[in-house]
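Asker: need a structure here:
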Amino acid sequence: MILTGLAEHRLVSVYKSQQAAKAAAEDRDAITFSYEKDEYDGDRSERVQHFMPGLDILYGYNLLNIAHYDMKNEKLNFLFKRPALVKTLYYPSFEQDSLHEQPVNRNYYLVSVYDEDSNKDTLINKKDLRKFYHFDSSSQVKTALLPEHYSAIRSQYDSQNDAMYIFAIQDTNKNGQCEKKEAMHVFWIDLKAPAKAKRLY
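Answerer: The predicted structure follows:
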């Protein structure tokens, strides 16, 4: 269970079960869900970590989806309709945070994820394009932050402007995967009100 800074909104990390891992080794199409998160053992990257003012971060490790639960309306829904490979989840921090001695409260989620077999090799994995999405507080409205045919590589926080820079490779030949010869561009989003990322470079 992930506690967020939005009192009525809780998240559940949906991991690949051990049974599914065994089945996937035998049959690539066999995927099931597990709602139980393994405890962090120190060797895996699924720990929760503070990242930016007002946002905490969860790194995915066999993380197939995020379930959102609205406690007021008693409603559960998944961020993604089908199993995906979630790389990073940014969510409103549970503890009050500040920036330049002013309170910071976020009311959205950001997710970097491999959610499409972009290179058409029948698998969704790190060889595909990594998308970057914004979800509103209800998780009902999903917006792609990067233009089509881009793959997010990494991000950087700018505290002076409260902005996130997203470094992304453009899939210029449209083969659905990143290649070293393809150009990297830098986009930015305003974390006070994330919208479509604006290209900086």
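Asker: tell me the SS of the nearest residue to Gly60 once chain neighbours are set aside?
Answerer: Among residues not flanking Gly60 along the chain, Val86 sits closest, at 4.1 Å (Cβ to Cβ, 6 or more residues apart in numbering). (C-beta placed from N, C-alpha, C; glycine too.) State at Val86, reduced to three classes by DSSP: H, G, I helix; E, B strand; the rest coil: strand.
Asker: Please verify my assumption that Val86 contacts Leu64.
Answerer: Yes. With contact defined as Cβ atoms under 8 Å, Val86 counts as touching Leu64 (7.0 Å).
Asker: and Lys198, how many residues sit next to it?
Answerer: Using other Cβ atoms under 10 Å, Lys198 has 12 other residues around it.
Asker: how close does it get to Ala163?
Answerer: Separation of Lys198 from Ala163 (Cβ to Cβ, to the nearest Å) stands at 10 Å.
Asker: and for those two, which residues touch both?
Answerer: Counting by Cβ atoms under 8 Å, 6 or more residues apart in numbering, the common neighbours of Lys198 and Ala163 are Trp188, Ile189.
Asker: on that earlier part again, write down the beta-bridge partners of the residue nearest to Gly60, one by one.
Answerer: Beta bridges link Val86 to Val113 when assigned by DSSP bridges.
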